[in-house]
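> need a structure here:
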Amino acid sequence: METPFKYLGLEVGGNPRKKSFWEPVLNKLKARLSVWKGQFLTMASRICVIKSVFTAIPLFYLSIFKAPESMYESIIIIQRRFLWGWGKEKSPISWVSRGDLCKTKEEEGLGFKDIRKFNFALLAKWRWRLIEREKGKWKEVLHSKYGAELDCPHIFVKYQSWWWRDLVKVCREGGGNEWFQKELRWKLGRKDKVRFWEDVWVGDSNLKTMFQRLFSLSVNQEQNVEDVSEWEGSVWQWRLEWRRDRFQWESEMEANLIECITRDVLKRNVNDIQV
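So this is what the prediction gives:
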């Protein structure tokens with residue numbers, strides 16, 4: 001077979017960054033949301049149709065590929081013409097901003113999906129499945145080629161697939177700098193993967209943010225948890241080092257830090273996992 005070809009409704013070997021790749025999806029949306037159909041429906045009916053169509057038709061593509069910005073704009077135009085067109089072919093007037101339409105009903109919106117965020121959320125789910133403990137041949141293939149982390153420092157960009165590059169980009173830039181990683185926290189096991197100050201493993205924030213003063217005094221700023229602690233028999237001991245002696249108020253802060261990090265139950269011979 002020659003690429004690109006279709007398999008289970010998806011185009012294999014095509015470039016998802018080109019608008020031509022998404023034309024089948026756009027054509028289906030235009031057929032289901034043609035302007036002339038809207039003139040026979042009430043406003044409430046058009047809203048229901050838009051929600052059902054955009055939840056079903058593009059879902060398969062959006063859950064696999066990252067759409068280009070032009071694709072998002074085209075989808076928004078189709079939605080706008082069907083909602084506000086009233087059967088007119090010319091560009092209708094949008095009486096409510098797109099941002100307000102995407103708000104929830106509790107926020108006095110219509111609950112439309114932000115297609116860009118919807119696409120990012122579906123792709124980020126693949127990253128979540130990669131770090132979960134479920135088993136699968138697809139995970140073994142990706143881990144053997146790229147490793148378990150998204151950074152992939154040993155793999156040149158030109159050797160990475162379009163899908164993997166887009167997944168890395170989405171998880172880093174979808175909602176801000178490293179937004180996906182910030183939503184995760186670590187559950188300690190061997191403590192060889194978790195960065196003591198910068199990763200979230202105690203509470204809902206990292207220790208660097210919670211104890212900024214102590215972080216500025218720490219000698220262990222870039223070290224993992226296992227580098228600043230050790231087992232003494234059955235007792236876990238912390239070995240934190242500082243650039244100078246602490247003032248009294250800093251010592252009290254250090255005591256709060258030790259109390260905070262000893263709350264979690266530490267286990268031997270168990271891998272660190274993200275939850």
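> for residue 62, see how far away residue 8 is.
15 Å (CB to CB, to the nearest Å). Where C-beta positions appear, they are placed from N, C-alpha and C, glycine not excepted.
> the two: which has the busier surroundings?
residue 62 (24 against 6; other CB atoms under 10 Å).
> wait, what's in contact with the more buried one?
By CB atoms under 8 Å, 6 or more residues apart in numbering, the contact set of residue 62 is 115, 118, 119, 122, 123.
> narrow the residues you listed to those in helices?
115, 118, 119, 122, 123 (DSSP state H).
> per-residue confidence for the third one?
It stands for residue 119. Among the per-residue scores, residue 119 shows a pLDDT of 90.
> tell me the secondary structure at residue 205.
coil (DSSP: H, G, I helix; E, B strand; the rest coil).
> any idea how far it lies from residue 219?
Counting by CB to CB, the separation of residue 205 from residue 219 is 22 Å.
> any idea how many residues pack against the spatially closest residue to residue 218 that is not a sequence neighbour?
Take residue 218 and drop its neighbours on the chain: the residue closest to it by CB to CB, 6 or more residues apart in numbering is residue 242, 6.4 Å away. Residues lying near residue 242 (other CB under 10 Å) number 13.
> hmm, residue 242 is touching residue 216, no?
No. In this structure, residue 242 is not within contact of residue 216 by CB atoms under 8 Å, at 10.1 Å.
> show the contacting residues for residue 210.
Contacts for residue 210 (CB under 8 Å, 6+ apart) come out as 202, 203, 260.
> list just the nearest of these to residue 24.
The shortest approach to residue 24 among those belongs to residue 203, at 46.7 Å (CB to CB).
> so that closest one makes contact with residue 260?
Yes. Counting by CB under 8 Å, residue 260 is a contact partner of residue 203 at 7.4 Å.
> neighbour count and distance to residue 73 added to the ones in helices among the contacts of residue 62, as JSON lines?
Converted to JSON lines, those look like this (neighbours: other CB atoms under 10 Å; distance: CB to CB, whole Å):
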{"residue": "115", "neighbour count": "20", "distance to residue 73": "10"}
{"residue": "118", "neighbour count": "20", "distance to residue 73": "15"}
{"residue": "119", "neighbour count": "24", "distance to residue 73": "13"}
{"residue": "122", "neighbour count": "19", "distance to residue 73": "19"}
{"residue": "123", "neighbour count": "23", "distance to residue 73": "19"}
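> which phi and psi does residue 246 have?
Residue 246 adopts backbone torsions of phi -80, psi 150, taken as degrees, to the nearest 10.
> same deal with residue 10?
Torsion angles, degrees, to the nearest 10, at residue 10: phi -110, psi 150.
> mind listing the strands for the stretch 51-200 of the chain?
186-187 (DSSP state E, counting those that start in this stretch).
> how about the helices in it?
Assigned helices in the stretch 51-200 of the chain, in chain order: 59-62, 69-84, 98-101, 115-131, 137-146, 162-173, 179-182 (criterion: DSSP state H, counting those that start in this stretch).
> rank the ones you listed by mean pLDDT and give me the bottom one.
helix 179-182 - the lowest mean pLDDT of the helices of the stretch 51-200 of the chain, at a mean of 69.
> and the helix or strand containing residue 25, average pLDDT?
Assigned by DSSP states H and E, residue 25 belongs to helix 23-32. The average pLDDT for helix 23-32 rounds to 87.
> please apply the same query to stretch 215-223.
Here the average pLDDT along stretch 215-223 is 86.
> quick one: contacts of it?
Contacts with stretch 215-223, where a contact means CB under 8 Å, 6+ apart, come from 195-197, 207-208, 227-228, 240-244, 246, 250.
> buried only: go through the residues you listed for me.
Burial by neighbour count, judged by 16 or more other CB atoms under 10 Å, picks out 195, 196, 197, 207, 208, 228, 240, 250 from the contacts of stretch 215-223.
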